[in-house]
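Peer 1: got a sequence here, can you model it:
(chains A, B, C and D)
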Protein chains: 4
Amino acid sequence: MSYLSGLFSTVFERRFARAVSSGAEGRAINDLAHDLLGTQGEVSGSTVARLILDHYAHAEPNEKRAFFDFMLRDLEIDPVDVVETLKTYKQSPSKRSYQAYARASEPRRQELLRRLNQVPGGTQRLVSMRHDLLRMMQQDAALGPLDVDFQHLFASWFNRGFLVLRRINWSSPAAVLEKIIAYEAVHAIDSWDDLRRRLEPSDRRCFGFFHPAMPDEPLIFVEVALTQGIPNSVQTLLADGREPIEAQDADTAVFYSISNCQAGLAGISFGNSLIKQVAAELSRDLIALETFVTLSPIPGLTRWLDQNADPALMRASLEQQAAHYLLNAKREDRLPVDPVARFHLGNGAVVHVVHAQADVSDNGMRQSRGAMVNYLYDLPQITANHERFVTEKVVTASPAVRALGASVPSKS
Amino acid sequence: MSYLSGLFSTVFERRFARAVSSGAEGRAINDLAHDLLGTQGEVSGSTVARLILDHYAHAEPNEKRAFFDFMLRDLEIDPVDVVETLKTYKQSPSKRSYQAYARASEPRRQELLRRLNQVPGGTQRLVSMRHDLLRMMQQDAALGPLDVDFQHLFASWFNRGFLVLRRINWSSPAAVLEKIIAYEAVHAIDSWDDLRRRLEPSDRRCFGFFHPAMPDEPLIFVEVALTQGIPNSVQTLLADGREPIEAQDADTAVFYSISNCQAGLAGISFGNSLIKQVAAELSRDLIALETFVTLSPIPGLTRWLDQNADPALMRASLEQQAAHYLLNAKREDRLPVDPVARFHLGNGAVVHVVHAQADVSDNGMRQSRGAMVNYLYDLPQITANHERFVTEKVVTASPAVRALGASVPSKS
Amino acid sequence: MSYLSGLFSTVFERRFARAVSSGAEGRAINDLAHDLLGTQGEVSGSTVARLILDHYAHAEPNEKRAFFDFMLRDLEIDPVDVVETLKTYKQSPSKRSYQAYARASEPRRQELLRRLNQVPGGTQRLVSMRHDLLRMMQQDAALGPLDVDFQHLFASWFNRGFLVLRRINWSSPAAVLEKIIAYEAVHAIDSWDDLRRRLEPSDRRCFGFFHPAMPDEPLIFVEVALTQGIPNSVQTLLADGREPIEAQDADTAVFYSISNCQAGLAGISFGNSLIKQVAAELSRDLIALETFVTLSPIPGLTRWLDQNADPALMRASLEQQAAHYLLNAKREDRLPVDPVARFHLGNGAVVHVVHAQADVSDNGMRQSRGAMVNYLYDLPQITANHERFVTEKVVTASPAVRALGASVPSKS
Amino acid sequence: MSYLSGLFSTVFERRFARAVSSGAEGRAINDLAHDLLGTQGEVSGSTVARLILDHYAHAEPNEKRAFFDFMLRDLEIDPVDVVETLKTYKQSPSKRSYQAYARASEPRRQELLRRLNQVPGGTQRLVSMRHDLLRMMQQDAALGPLDVDFQHLFASWFNRGFLVLRRINWSSPAAVLEKIIAYEAVHAIDSWDDLRRRLEPSDRRCFGFFHPAMPDEPLIFVEVALTQGIPNSVQTLLADGREPIEAQDADTAVFYSISNCQAGLAGISFGNSLIKQVAAELSRDLIALETFVTLSPIPGLTRWLDQNADPALMRASLEQQAAHYLLNAKREDRLPVDPVARFHLGNGAVVHVVHAQADVSDNGMRQSRGAMVNYLYDLPQITANHERFVTEKVVTASPAVRALGASVPSKS
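Peer 2: Model prediction:
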């Protein structure tokens, strides 16, 4: 009973856990999984689920791998069963025949994951489990189907309707703030003092999406600067010792960093919704706000310029190069090469202004020679922009950016 | 744009909603559903989802019926597609082939419901929608398969790991308390004063499960009396003017009423887990507590006695009759006739004591001639009891109840 | 140890209380008061304070009276001591000499009350104690000086900076809402359903001031209707079955009821500050709001008309009579006769419009023949209005009201 | 209107503030103080109070000094008035005559401070103001009487009944935690990581008292280690990399650091009450806890040994020296020389064990040659211990400590 004692906070729970798990603790994780799926799961479910998750947490990589294999192989659909129940259902459709099909067509590992989720803290541990899985999949593609099941469940559990938008500021729990430091992916945060400079001044905001079952874990967060006019340099924006303005005096909200936090939630998208909800939240309090833009990196610019060393392009200014790249550099599927561009254009934003000397950090110089771009979120146009981008692959841009881009003679 | 204006609380949201929904408002609900499932759903999803839910809320029964039919028929699986993707997957299993199967094997109406759920308040409206559906199904069994999809999604969304146990007392929001009055199913609450008598005294507790997306809606709740010794009458327990005891002095917690609140969540079970979590919660604060029992109705007793008018049984005392009934009255599947008995025995409780003159209300006299029963939750025994009940259909009872039951000569 | 057991919720506290109070329980309240003021108060203070408050709560009126007398007589200042310490201080001013004076000039009953306040729930019990005192003072003015001490302490404890403005709505705790029903002084609330009609519709608001040490006890609350235009009848405003408007569409906020809740806080004024804070709060969310008015009773009108039965006045319309009364009916100190007028004019509001047929309830007809008045809170003018009212006793009114008032020939 | 704009968060408040303060902003702080005390204070009070506090915040030391002088001199009591109102009151005691006396006997600066406190955040700014005052008093004792008034008001405002005990952990707001780092006075916290080691492990607790008007400012906090047995070294207790135990397994709670946070609240005592409330709080959750001790520094030991270099004492062990010092080293008033001893003995604790090699940090070696002491809080004895300590100056100690102390031959 060694580690069990730590899992239950009350005498009551310990007594119950002891009653349930006498004998269980010695069992293999796969056997426990069968227990959890069986009848006993109804009554002693959460204790068994806890044991499984704890086994897993202490497992070596090869044991984890074995557990994944077990789920893939032993808790797989039975194709004969799928086809037969389907046939019956189509012949005589009814609640009962459809239920039989529904049960057969879904592998039992989904039910296992749902039952593991009953435990307090279970959701987070399943997100970590998928993180392990994604890493192993890089070596071993055979695990792919298991990931489909995880992703299916997570899309349901992390439905936007369940997420909570919370402001993150210097009064947020340290347990949340340390995640902000850890997960900031765009412009690294060095220290708690650096973090405070992003959160405490009157002209800074930060918002994140949270899931109620993981209250200390932001899923994604966005950092916002409130400014007068559109900024052209992230270093100026974040300068130590700068003089903050009053929030009420700002006419522009600048989304200068958006970071996903949970590797185990890869592929579950929240970003689009986050920007719009934050824009709504800011408008509520700050009535002078009129413009919502990003100040975004152009991560693919340098590489693309190196690969497309056209003499005319080489002679152009960095702004011209950046505009040309954002408007014309496409993948095979005719979508932009630049991943950040794909994200914001896909959300319905437009390419608004490009700037040289805008990110002169090592990373900024390396990836884009210091260039950055503002994407504009123009509310009444968002849906139409999005529609044209998705269906016709049209990159919408301001006249100025279009002119800049057009001023570079095309290769052909 | 008439009613849209009421749906959005900020100017910002209204502006955006107007941009999205110009033209959309006139469209039929089914067309909107296709929009929501299409590409546009990514960007303007929640506005379209809101429109659909609002259409639905204002719809006549026949329109609702038509919407259900639409989901059943137009958003149904394609059996050919299921079989083909399944075949491909089994021939060359991969993430991609499994994804194709997973997508084909699940009807698109599930995705529609997930997208409707994005809207604030959406979860509750979908629970109401299923309530409508369940009512229509009483007339029309063809709707059954649609209910399977609802139930499947709800089981995932209302996973026990997402539920929050909250104490309900006189400091709870009125919006919650009015639900307690409305939903109390066992011993009706007459008025706010009556409610207060159940919540405010030092020896009363009430707990409910809540879902974070429906914070004012209890899903299920249990009322508890703290006593010294096991009570034998619900009227005494609830007597107006009785003298409460100090909670710290109680040795027994009596679960005297458990009520489900959401008709739209029928079939999603929380009760078993509730009793155990409440018992744990109570033990944490009240260290003198040793006994956890119910004071439960025997709803099927009168009817069964009427149907089994054996002379020997007729001559027995009410306690004997009740004990006999609880131990021996079985359905075809060999489980007890009595639904409350099935619930508690299924949870691992045992039949502990039976009482005559225990519920002398009209309802109590009618359903059980005034008899009630205590089921005992004896922690260390719960799993074993449950196991025997489920697998061997054994009704475990105290020696006293067994003796009482045995004192009635069997019919044969 | 009988009732002590109920006062302490943990075993720990009980053990400590038992150690402290062995022997103490039998002592008289006055002796306990001396204990509390003595050295022991430092360590066992809150237990002794609890005993005193509990003694008091169970005391008969004559015992309470005796306790008040004790405080007045035994815990009184010593005039010789005051004069001597004062002389020493003025001769050689220093921290020490001033401290001696400060201690001598304040009666020890103030320190007793501060120490009684240490107990959880103590503040509320002291507010009740003053309520008792105020009632006894009606018979016996000799208790007056004790009330001065209560009032002095309460003014400090209930400093506006410590009060919290909280919205009260249908999600507020029932324990708070029942106070709203009980304390509504202007337009009585019949039932929980009636209360809900005041709180739940989109165009209703209610706010109260709370003190952190009495979280379930509103000190004062105001009910607000959001309207388009200025209303002229409270029955129309509160009509059952009326169609609410969207809050965002309101241009006017109507303060139609302001009620003090704590008789024990008589003379501690919060009303002025409440109206302004609520106006600020409403403006934050509802940007279309432009006008802040009351819809107020004219409680002294009927009586005054009866006492001033001037024929010209008798022939005037009710609106003329009301305008005349509000502008001209003065007390000896030249302030308006009407208490509600004094309150709002003192806050810097102006008499804006008078209405006949505005409150046709029994009470409304009785006190003012159905007339009501809107006082207008015009932000930029509030200070100047207040200043003129307080220093020059000028009643500011709109041109319309002035014209109405002037149309009645003056008695002289 | 430059800085005013920053003080008000809503358009509404700004409009109002502008109306009130047109003209006011140019006025001197003393004139504003007279405004605030005058009639205008009723309506525009909080705006004027804000201006004063803001003036003060931007003031140079000599201006602050001038403001203190103004309060001392211009808002002083009038001794003639005190004596006369006192005489009248004693001749004809009544509410009115006592009120006149009460008003005269208290300097108007107290009312000024109460009105300044109306502003949001005012309490904290007044605490800072007193901090300034205390610093200036070191140079200039003439300011002493002003401090008496501050202390009088703070004792009332920070009455124990208004304080809230809150657990401080890794989920507390960063704005609170940075104060813990800043204010820890006993064993310095180096960094956020160091802080986390004090807060996050299962066997650590931290609690603080907070005032509702200063929610991010702990007033005092105590750090607790949960252990098995009584610890004899603070370095072992705080060792990096140590293995935490389960809280439920602890039998001892060790208060190893108590820090006051607000220099401006010097002389307002909370410590005694904090320890008892924390002990109660811990007992509630951790039923195995039986012993409550401190692990305390002996700050005066080295200096005292240096000053009392008795040969016999010099030859004794450090434990003997420490025991001897704690039992026998007295001030003129016969209380112990050691300030930490005075604090805990005054709270009713006893000297329980002394340890050498218990704090081998530079500071620990310097102040006490590494010695530390456990004071034991033995609940049933606390009041009696306190009583004997305060009245008879008896230092209660365990037999072991008494024996150790006695083994050192006394000087005489």
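Peer 1: how about the residues of the stretch 201-350 of chain A near chain D?
Peer 2: A:202, A:216, A:246, A:248-249, A:287 (Cβ under 8 Å from any Cβ of the partner chain). (C-beta placed from N, C-alpha, C; glycine too.)
Peer 1: per-domain residue ranges of chain A.
Peer 2: A:2-157, A:161-294, A:297-406 (automatic domain parsing).
Peer 1: JSON lines please, covering these and showing distance to D:R27.
Peer 2: Formatted as JSON lines, the domains of chain A follow (distance: least, Cβ to Cβ, whole Å):
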{"stretch": "domain A:2-157", "distance to D:R27": "58"}
{"stretch": "domain A:161-294", "distance to D:R27": "24"}
{"stretch": "domain A:297-406", "distance to D:R27": "46"}
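Peer 1: could those domains go into CSV alongside mean neighbour count?
Peer 2: Converted to CSV, the domains of chain A look like this (neighbours: other Cβ atoms under 10 Å in any protein chain shown):
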stretch, mean neighbour count
domain A:2-157, 18
domain A:161-294, 19
domain A:297-406, 19
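Peer 1: need the ones you listed in CSV (columns: distance to B:K87 and mean pLDDT).
Peer 2: Converted to CSV, these look like this (distance: least, Cβ to Cβ, whole Å; pLDDT from 0 to 100):
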stretch, distance to B:K87, mean pLDDT
domain A:2-157, 8, 85
domain A:161-294, 26, 92
domain A:297-406, 28, 92
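Peer 1: between these, which one is closest to B:G144.
Peer 2: domain A:2-157 (2.7 Å; Cβ to Cβ).
Peer 1: what about that closest one, near chain C?
Peer 2: No - Domain A:2-157 lies out of reach of chain C by Cβ under 8 Å from any Cβ, never closer than 14.1 Å.
Peer 1: close to chain D, is whatever helix or strand A:R50 lives in?
Peer 2: Using DSSP states H and E, A:R50 maps to helix A:41-57. No - residues of helix A:41-57 are not located near chain D by Cβ under 8 Å from any Cβ, the shortest gap being 14.8 Å.
Peer 1: return the list of helices and strands in contact with that helix.
Peer 2: helix A:4-7, helix A:11-21, helix A:29-37, helix A:108-116, helix A:122-139, helix B:271-285, helix B:382-387 (3 or more Cβ pairs under 8 Å, 6 or more residues apart in numbering or on different chains; DSSP states H and E).
Peer 1: and that helix, how far out from the chain middle?
Peer 2: 28 Å (Cα atoms, centre = their mean, to the nearest Å).
Peer 1: sorry, back to before: of all the helices and strands packed on helix A:41-57, which lies closest to B:I180?
Peer 2: Closest to B:I180 of the helices and strands packed on helix A:41-57 is helix B:271-285 (Cβ to Cβ; 14.4 Å).
Peer 1: sorry, back to before: would JSON lines of the helices and strands packed on helix A:41-57 with distance to A:S296 be doable?
Peer 2: Formatted as JSON lines, those follow (distance: least, Cβ to Cβ, whole Å):
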{"stretch": "helix A:4-7", "distance to A:S296": "45"}
{"stretch": "helix A:11-21", "distance to A:S296": "49"}
{"stretch": "helix A:29-37", "distance to A:S296": "45"}
{"stretch": "helix A:108-116", "distance to A:S296": "36"}
{"stretch": "helix A:122-139", "distance to A:S296": "26"}
{"stretch": "helix B:271-285", "distance to A:S296": "47"}
{"stretch": "helix B:382-387", "distance to A:S296": "56"}
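Peer 1: helices along the stretch 301-412 of chain A, start to end?
Peer 2: With helices called from DSSP state H, counting those that start in this stretch, the stretch 301-412 of chain A shows them at A:301-307, A:311-315, A:318-328, A:339-346, A:362-368, A:382-392, A:399-406.
Peer 1: will you turn these into TSV that also has distance to chain C?
Peer 2: As requested, those are exported to TSV (distance: least, Cβ to the nearest Cβ, whole Å):
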stretch	distance to chain C
helix A:301-307	42
helix A:311-315	49
helix A:318-328	37
helix A:339-346	29
helix A:362-368	39
helix A:382-392	22
helix A:399-406	33
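Peer 1: among these, which is nearest chain B?
Peer 2: Proximity to chain B (Cβ to the nearest Cβ) singles out helix A:382-392 among the helices of the stretch 301-412 of chain A, at 4.2 Å.
Peer 1: residue in the stretch 151-300 of chain A with the shortest distance to chain C?
Peer 2: For the stretch 151-300 of chain A, Cβ to the nearest Cβ, closest residue to chain C: A:I287, 6.5 Å.
Peer 1: any idea how far that residue lies from B:I230?
Peer 2: As judged by Cβ to Cβ, to the nearest Å, A:I287 and B:I230 stand 63 Å apart.
Peer 1: next up, the contacts around A:L274.
Peer 2: A:165, A:207, A:209, A:220, A:222, A:258 (Cβ atoms under 8 Å, 6 or more residues apart in numbering or on different chains).
Peer 1: redo that, cut-off 10 Å
Peer 2: Taking Cβ atoms under 10 Å, 6 or more residues apart in numbering or on different chains, we find A:L274 in contact with A:160, A:163, A:165, A:207-209, A:219-222, A:255, A:258, A:347.
Peer 1: please convert the residues you listed to CSV, extending it with secondary structure.
Peer 2: What follows is these, written out as CSV (DSSP: H, G, I helix; E, B strand; the rest coil):
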residue, secondary structure
A:R160, helix
A:L163, coil
A:L165, strand
A:F207, strand
A:G208, strand
A:F209, strand
A:L219, strand
A:I220, strand
A:F221, strand
A:V222, strand
A:F255, strand
A:I258, strand
A:N347, coil
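Peer 1: for those residues, which one is nearest chain B?
Peer 2: When those are ranked by distance to chain B (Cβ to the nearest Cβ), A:R160 comes first, at 4.2 Å.
Peer 1: pretty sure A:G346 is touching A:H386, no?
Peer 2: Yes - using Cβ atoms under 10 Å as the test, A:G346 is close enough to A:H386 to be in contact (6.8 Å).
Peer 1: how close does the residue in the stretch 301-412 of chain A positioned nearest to chain D get to B:S46?
Peer 2: Among all residues of the stretch 301-412 of chain A, A:L379 sits closest to chain D, at 22.2 Å; criterion: Cβ to the nearest Cβ. From A:L379 across to B:S46, the span is 14 Å (Cβ to Cβ).
Peer 1: what does A:S191 give?
Peer 2: The gap separating A:S191 from B:S46 is 38 Å, by Cβ to Cβ.
Peer 1: now do A:R166
Peer 2: In terms of Cβ to Cβ, A:R166 sits 18 Å off from B:S46.
Peer 1: in a strand, A:L289, correct?
Peer 2: No - with three-state DSSP as the criterion, A:L289 is assigned coil and is not in a strand.
Peer 1: A:E178 reaches A:S191, doesn't it?
Peer 2: No - A:E178 lies out of contact with A:S191 (Cβ under 10 Å); the separation is 11.4 Å.
Peer 1: name the residues contacting each of the two.
Peer 2: Any residue near both A:E178 and A:S191 by Cβ under 10 Å, 6+ apart counts here, and that gives D:W192.
Peer 1: follow-up on the earlier one: ok, the residue of the stretch 301-412 of chain A closest to chain D touching A:K276?
Peer 2: Yes - between A:L379 and A:K276 there is a contact at 8.6 Å, judged by Cβ under 10 Å.
Peer 1: can you name the residues that contact A:P215?
Peer 2: By Cβ under 10 Å, 6+ apart, the neighbours of A:P215 are A:124, A:164, A:166, A:173, A:175-176, B:212, D:171.
Peer 1: in which helix or strand would I find it?
Peer 2: Applying DSSP H and E, one finds A:P215 in no helix or strand.
Peer 1: what about the host helix or strand of A:V254 and chain B, touching?
Peer 2: Using DSSP H and E, A:V254 sits within strand A:252-260. No - Strand A:252-260 does not reach chain B (Cβ under 10 Å from any Cβ of the partner chain); its nearest approach is 11.1 Å.
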